[in-house]
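*Asks:* Provide a 3D model corresponding to the input given below.
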Amino acid sequence: MRNRPVRLARWSARHPWSAIIGWFVFVVLCLGAGIASGSNAATTKDFWVGEAGHAEAMATEGGLQRRPTEHVLIRAKSGPLDPEAAGAAVRELTDRMAGLPEVDSVAAPVRSKDGSTLRVTVVLKGAELEGRKNVVPLLEQTAKVAAGHPGLVVEESGSPAISKGVNDQRSDDLALSERITLPVTLVILLIVFGSVVMAGVPLLLALSSIAATIGLAMLASHALPDAGVGTNMILLIGLAVGVDYTLFHLKREREERARAEGRLSPEALVELAAATAGRAIVASGLAVIVSTATLYLATDVIFSSLATGTILVVAVAVASSLTVLPALLVKIGHRTERRAAKKAARRASRGEPVRTKPVKPENGRVFTALLRPARRHPAITLCVSVLLMLGIAAPALGMKLIDPGKDTFSRDIPAMQVYDRLTAKFPELLVKHEVVARSTPDRAPQVRQALVELGRRAQTDPLFARNAEPTVRTSADGRTSVLELAVPHPAPSAPAIESLHRLREVHLPATVGTLPGVETAVSGDVARGQDYVEHENGKLPLVIGALLLLTFLMTVWAFRSVVIALIGVLLNLLSAAAALGALVLVFQGTWAENLLDFDSLGAIASRVPLFLFVILFGLSMDYQVFVVSRIKEAMDTGTTARAAVLDGIGRSAKVVTSAAMVMVTVFAAFVFLHLTEMKQMGFCLAVGVLLDAVIIRMMILPSLLLLLGERAWWPRRPTPRPVETPAAPEAALPVRSGA
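*Replies:* You can find the predicted model right below:
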């Protein structure tokens, strides 16, 4: 395993065109196979959790599941609504909708309390999640009716139209983030390498890795359904780690080139780089993969989809850095040598002396200044830095979680604007609780009567909508009945949540709950959100515990040191906690709304903290592996612990910081998106990576290792070992002719 990166690099270096062509054939095959197989999207039942999920399972079994529903509003452009004109629009709309194969039924129009608006409800065929794919013909027919009645406003909204609007907005946002990220990343790489060719290599490999992963993710979705968020994460993580892994390898190859001073061939330089950077990339990639895999323990389709996308893109990025990258470096190296030889020949023909470029120092003044506090005053630097990170992390203790529903989506989506007008005129459509009862068919009348009584009790409760006649539906076999109760409050609001608790704990036990042998459960928008948060909180200890254990074991395996492993776990915890604290500080309040263009939810989206904690933990391991690897390399040569720490961190500071800037750029681009969850993810990841690269790796880690000295490598100190060389050094590490 330790020699495999070297063997892969050696083969690629000796067969560069085979490696390059093979890589791009692999990318095309992956993408082609994925497109051919298609993506297996998650179904409604994949999202069922808790009591709400159980209620929906019972309702689905009885054929009473929630159906995709659209609402068409008809109102006057100005003045009162003309009954004759409105009636004509309703008749045309009904005829058009009823003729669509996607439509199951069209209800009679309902007038708002003030008489200014008519509502026509259209129920689509198929499952609830299929509505967003089938809603386009309905929107087209609504637009045609609106065009035919210029004196009226005819507009449509509903969960399918909103879902389609969110997907369209997400696609536009991703395109925007790419337009921001790619040029900025290219500029950073140009600054690091000073060469267009060398700057283009990381981007090329990252983008090709993303393309291959998208195809592999489509194939994987047939085993683990895609919740619709996997592609987002592939783009987000793929560009970040793809550029980073290539950057680490390129920088090491450049170091070996500078050290060899022209005595070694490009093949030899690539092999030497693989012996160090290649192994670190493998260890780092495995650490990220193992960390991310703990998300599967949450038994949640969204987390599983995110984990699958992240794991696949990291694995493909590692593979690209070990296979095609060495081949590209060899081709670029030979091209550089030929150009250098031609320049030298021209100078010689003109009688000019041979010029040699002075070797630039590994790090400039900035990195030297950042390391100075840890080198001179490690104890003080450690205390101040840890206190600073704890201060940033403190707001995380007051974190509130919320499952954001459609009420939290951007109002830039046209369907959301119509939704606001819809719920203003018909507040009973804001939230509906669904009470599901299941028993034997002979008890159907008794169950129905109890549900009607439950509806009457709800009518007297101020938390529930009044004058909204409760409806009870019963399955054809008489086993299942469903009662819908309207609540005139948005789903994430405190009154809506309180109404759910009142229903489950007071009204239901006092009515249907008194019937022996009747199984009951409550679902609906509020119940789904509350049960989802509770489900996540229940899985949190398992995921975090597995994450800490596996990270510890991975670090022990990589460095054979228990103390280094403990340090890594503690620093990763500190880094992730600080990032989450900054997230709460910015997004849970309202002070930064105008600055970052968002509407505060007063809480953090429930999926964000756990996912970010796991991903940040993995990315922190990324930097931990690269930095500690450089320190261990120095100690393996017999260097003292103090000198090894200063040398290892000093040599890795520039490349780690450059890689961090690329990641920060990629993640920060997501702050400009509309979706609040994506804003929160991008902000937290950007802040977390920045804090980790600067404060953790440049101040806390060196201070801690300097204070511990040799004890940091307990139970054994790295011992000097000869550099591994092949049996035939002249074949494996060829020198340039004339060297």
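*Asks:* hey, where'd the strands end up in the protein?
*Replies:* Along the chain, the segments classed as strands by DSSP state E run 69-76, 103-106, 110-111, 117-124, 152-158, 401-402, 431-438, 471-474, 480-487, 519-524, 604-605.
*Asks:* Can you show me the CA trace of the second one as PDB?
*Replies:* Extracted as PDB, the C-alpha positions of strand 103-106 are listed here (Å, rounded to 0.1, in the frame of the first residue of the first chain):
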ATOM      1  CA  VAL A 103     -54.300  16.100 -14.400                       C
ATOM      2  CA  ASP A 104     -56.400  13.800 -12.200                       C
ATOM      3  CA  SER A 105     -59.200  16.200 -11.200                       C
ATOM      4  CA  VAL A 106     -60.200  19.900 -11.200                       C
END
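*Asks:* and it, which strands flank it?
*Replies:* Using DSSP bridges, strand 103-106 pairs in its sheet with strand 117-124 (antiparallel).
*Asks:* Would you mind listing the buried residues in the strand it pairs with?
*Replies:* If you call a residue buried by 16 or more other CB atoms under 10 Å, then strand 117-124 has these buried ones: 117-124. In short, each C-beta sits where N, CA and C put it, glycine included.
*Asks:* picking that back up, indicate which one of the strands of the chain is closest to residue 372.
*Replies:* Closest to residue 372 of the strands of the chain, according to CB to CB: strand 604-605, at 37.1 Å.
*Asks:* Please name every helix or strand in contact with that closest one.
*Replies:* strand 401-402, helix 562-587, helix 676-691 (3 or more CB pairs under 8 Å, 6 or more residues apart in numbering; DSSP states H and E).
*Asks:* could you redo the buried residues of strand 117-124 as TSV and give each row pLDDT and distance to residue 711?
*Replies:* Output for the buried residues of strand 117-124, formatted as TSV (pLDDT from 0 to 100; distance: CB to CB, whole Å):
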residue	pLDDT	distance to residue 711
117	96	75
118	96	78
119	96	73
120	96	75
121	96	72
122	97	71
123	95	70
124	95	67
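*Asks:* what's the most distant pair in these?
*Replies:* Farthest-apart pair in those is 117 and 124; separation 21.9 Å (CB to CB).
*Asks:* looking at it, residue 450 is touching residue 511, isn't it?
*Replies:* Yes - with contact defined as CB atoms under 8 Å, residue 450 reaches residue 511; the gap is 5.0 Å.
*Asks:* who touches the closest residue to residue 278 other than its chain neighbours in this structure?
*Replies:* Using CB to CB, 6 or more residues apart in numbering and skipping the chain neighbours, the partner closest in space to residue 278 is residue 5 (3.1 Å). Residue 5 makes contact with 274-275, 278-279, 281-282, 322, according to CB atoms under 8 Å, 6 or more residues apart in numbering.
*Asks:* now swap in residue 695 and tell me
*Replies:* By CB under 8 Å, 6+ apart, the contact list for residue 695 reads 385, 388-389.
*Asks:* In helices only, show me those residues.
*Replies:* Using DSSP state H, the subset of the contacts of residue 695 located in helices is 385, 388-389.
*Asks:* what's the closest of the buried residues of strand 117-124 to residue 516?
*Replies:* Closest approach to residue 516 among the buried residues of strand 117-124 (CB to CB): residue 123, at 35.1 Å.
*Asks:* what bridges to that closest one?
*Replies:* Beta bridges link residue 123 to residue 69, residue 105 when assigned by DSSP bridges.
*Asks:* what sits against it?
*Replies:* 67-69, 103-107.
*Asks:* for the stretch 351-500 of the chain, what spans make up the helices?
*Replies:* Taking DSSP state H, counting those that start in this stretch as the test, the helices found in the stretch 351-500 of the chain are 365-376, 378-393, 414-425, 444-459, 494-502.
*Asks:* in the fourth one, what counts as buried?
*Replies:* So the one you mean is helix 444-459. Quick answer for helix 444-459 (16+ other CB under 10 Å): 444, 447-448, 450-451, 453-455, 457-458.
*Asks:* Domain-wise, how is this protein divided?
*Replies:* The domain map for the chain lists 1-38+195-343, 51-164, 366-398+560-718, 414-530, with the assignment taken from automatic domain parsing.
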